[in-house]
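Undergrad: The following block contains a protein sequence and its predicted model.
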Amino acid sequence: ATSPIGETSMTGFTLVRSNDNLYSTSGLVTGNITTGTHKEPTPTNLITAISDMETAYTAAAGAAPDSHEFVDGGLTGQTLAPGVYRWTNTVKFSGQLTFNGTASDVWILQIAKDLEVASGAEVILAGGAKAENIFWQIAEAAEFGIGSTVNGIFLVKTDMVFKAGSTLNGAALAQTAVTMIATTINKVNCRRSLRGLSFNSK
């Protein structure tokens, strides 16, 4: 979905409007495509969604951190317990990154620069951890390498780039642009508000 810009902002594939003009479809996209130029109530619904995204981004950025500069942002091979993590520089990883906790535990990753996920890298969920409870708040850009697999709700200030064969279990919410090349997005419930969350920090 894009808003307030319309379908012309989506390039690389052909869009076909539904009979009721509420959405479009494409042979390269599974599901419906919605923009600010479709028929109401689609534009109004998208404005609400954008407001919710911006609120979530601000709330995530404002959470009090439990950890500062964990391993200087080099997360390859690391296991993250529930809590709030803050980095002032770029965060990157290759290989595996594990989130270990229960189904009710929450993680917030506050990244002041970029997120760089190497080709073939993988985010592992252990102990019952859920992708819908992992919030990546990224102040600049995020890039996901070829064949990488990540989990979580990604709240990105600028742009996101998903390279060929990459997979996201979660949601990609960018305030500027999203580029996808043969990318799989497995949507999870991302309506949970960040306001008032309590963290089971360790």
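TA: Cool, got the structure. Computed from a predicted structure; not experimentally measured.
Undergrad: Helix or strand with the lowest mean pLDDT in the chain?
TA: Of all helical and strand segments in the chain, the minimum by mean pLDDT, DSSP states H and E falls on strand 29-33, at a mean of 73.
Undergrad: got the buried residues for that one?
TA: Along strand 29-33, these residues count as buried under the neighbour rule (16 or more other CB atoms under 10 Å): residue 33. C-betas here are computed from N, CA, C, even on glycine.
Undergrad: could you measure the closest residue to residue 105 other than its chain neighbours against residue 133, distance?
TA: Nearest in space to residue 105, with sequence neighbours left out and distances taken as CB to CB, 6 or more residues apart in numbering, is residue 82 at 3.7 Å. To residue 133, residue 82 is 8 Å away according to CB to CB, to the nearest Å.
Undergrad: what touches both of the two?
TA: Common contacts of residue 82 and residue 133, defined by CB atoms under 8 Å, 6 or more residues apart in numbering, comprise 105, 106, 107.
Undergrad: which ones are touching the last one?
TA: In this structure, residue 107 makes contact with 80, 82, 83, 84, 85, 99, 101, 129, 133, 134, 135, 152, judged by CB under 8 Å, 6+ apart.
Undergrad: quick revisit: what's the angle from the helix or strand that the least confident helix or strand of the chain is followed by to strand 29-33?
TA: Counting by DSSP states H and E, the next helix or strand C-terminal to strand 29-33 is helix 42-62. Following axes from the mean of the first three to the mean of the last three CA atoms, to 10 degrees, one obtains 110 degrees for the angle between helix 42-62 and strand 29-33.
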